[in-house]
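A.B. asks: model this:
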Amino acid sequence: MALTWLYVPGDKPDVVGKALGAGADVVLVDLEDAVAPGRKEYARAATAELLGEPAAGRPPVHVRVNALDGPLAAADLAALAGLPGLGGLRLPKIGGPEDVARVVAAVRAAGADVPPLYALLESALGVENAFAIARADPAVRGLALGEADLRADLGLADEEALTWPRVRAVVAARAAGLAPPAQSVYPDVRDLVGLGESCRRGRALGFLGRAAIHPRQLPVIERAYLPSPPEVAAARETVEAADAAPGALALPDGRFVDPAVVAGARRVLALAARGAHA
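C.D. replies: Numbers count the residues shown, from 1 in each chain. Presented below is the predicted three-dimensional model:
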């Protein structure tokens, strides 16, 4: 159950190496926004070299390829598809299910199995098509918002204006049977207090975990998304009561428990177990 996703520029192999040991659940090697135009080919080659070996002993490595409507994405997919160390592809600026279909076709044309795909919704069109994108192919394993581009596309100046797109992504992922989305990056790497508060708001909206752009953000994200002792105690009480008397029932404190509530409690306990073994 991934909670932390660490972005790192693909044209800096030494930084990628450090990121692999930073404690993130997933390392996101970026070939898109974090890489200058003149460094794109080097970033692709360095990433292909990294992924040429199996990922034993390190966290999964996902790659954010270049924008699908540009000239670089096809070369990215051809170079990376089928490499043994590739854990997933992060697809930027997805506007509809047809974009996912193009990626699937390109990977298969390269003679490779389609890896897990994660669609980034960075425009009004992408948000509107969130559910169709989530259901575009069985290889789609998750959605995420690209909030910087989304702000620009919608002309948003207020943080609260992002609430609806955030909830839309959460609902679409759930409706499609996918894991809850991870939050978009928090750009101020020095403001750890603000990061923690933002994570708590995101958790309340239904997100699970967050992308980071610096290792110092990782423990803040993890703490914010792990359940508190009272939450764990309440979840344990719910699960124990449900196991003792299957079906809908009322707990001593008056809470009504049905299967959906029990499923939520089991997720809390699973997260708590992750924290205990961290």
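A.B. asks: let me know the pLDDT of Asp253.
C.D. replies: pLDDT for Asp253: 68.
A.B. asks: meant to ask about Ala179, not that
C.D. replies: Reported pLDDT for Ala179: 95.
A.B. asks: just the one 4 residues further on next, same as before
C.D. replies: At Gln183, the model reports a pLDDT of 98.
A.B. asks: backbone dihedrals for it, please?
C.D. replies: Dihedral pair for Gln183: phi -70, psi 160, per degrees, to the nearest 10.
A.B. asks: pLDDT weak spots in the stretch 151-278 of the chain?
C.D. replies: Low-confidence segments of the stretch 151-278 of the chain (pLDDT under 70): 245-255, 275-278.
A.B. asks: show me where it has helices.
C.D. replies: For the stretch 151-278 of the chain, applying DSSP state H, counting those that start in this stretch gives helices covering 163-175, 192-205, 218-225, 229-244, 259-276.
A.B. asks: identify, out of these, the most deeply packed stretch.
C.D. replies: Highest mean neighbour count among the helices of the stretch 151-278 of the chain (mean count of other Cβ atoms under 10 Å): helix 218-225, with a mean of 20. To be clear about C-beta, it is placed using only N, CA and C from the backbone, and glycine gets the same treatment.
A.B. asks: that helix to helix 192-205, inter-axis angle?
C.D. replies: Computed by axes from the mean of the first three to the mean of the last three Cα atoms, to 10 degrees, the angle separating helix 218-225 from helix 192-205 equals 40 degrees.
A.B. asks: let the chain start at 862 from now.
C.D. replies: Sounds good: first residue 862 from here, last item helix 1079-1086.
A.B. asks: pull the CA atoms of helix 1079-1086 into CSV?
C.D. replies: Coordinates of each C-alpha in helix 1079-1086 appear next as CSV, following Å, rounded to 0.1, in the frame of the first residue of the first chain:
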residue,chain,number,x,y,z
LEU,A,1079,8.4,11.8,2.9
PRO,A,1080,8.1,11.3,6.7
VAL,A,1081,5.6,14.2,7.0
ILE,A,1082,3.4,12.6,4.3
GLU,A,1083,3.6,9.1,5.9
ARG,A,1084,2.7,10.5,9.4
ALA,A,1085,-0.3,12.4,8.0
TYR,A,1086,-1.7,9.4,6.2
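A.B. asks: could you check the angle helix 1120-1137 makes with it?
C.D. replies: Using the same axes, to 10 degrees: helix 1079-1086 against helix 1120-1137 is 150 degrees.
A.B. asks: element containing Leu911, please.
C.D. replies: According to DSSP states H and E, Leu911 maps onto helix 901-912.
A.B. asks: next, give phi and psi for the residue nearest the centre of the chain.
C.D. replies: Residue closest to the mean C-alpha point of the chain, counted by Cα atoms, centre = their mean, is Ala1043 at 4.2 Å. The phi/psi pair for Ala1043 (degrees, to the nearest 10) reads phi -90, psi 150.
A.B. asks: on that earlier part again, do you know which of the helices of the stretch 1012-1139 of the chain lies nearest Gly899?
C.D. replies: Among the helices of the stretch 1012-1139 of the chain, helix 1079-1086 comes nearest to Gly899, with 30.3 Å by Cβ to Cβ.
A.B. asks: what's the closest one packed up against?
C.D. replies: Helices and strands touching helix 1079-1086, by 3 or more Cβ pairs under 8 Å, 6 or more residues apart in numbering; DSSP states H and E, are strand 865-870, helix 1053-1066, strand 1071-1073.
A.B. asks: quick check: buried residues in the last one?
C.D. replies: Spelled out, that is strand 1071-1073. Buried positions in strand 1071-1073, judged by neighbour count with 16 or more other Cβ atoms under 10 Å: 1071-1073.
A.B. asks: on that earlier part again, how close does the residue nearest to the centre of the chain get to Asp1049?
C.D. replies: With distances taken as Cβ to Cβ, to the nearest Å, Ala1043 is found 18 Å from Asp1049.
A.B. asks: save the helices of the stretch 1012-1139 of the chain as CSV, and put in distance to Arg919 too.
C.D. replies: Formatted as CSV, the helices of the stretch 1012-1139 of the chain follow (distance: least, Cβ to Cβ, whole Å):
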stretch, distance to Arg919
helix 1024-1036, 27
helix 1053-1066, 25
helix 1079-1086, 15
helix 1090-1105, 30
helix 1120-1137, 18
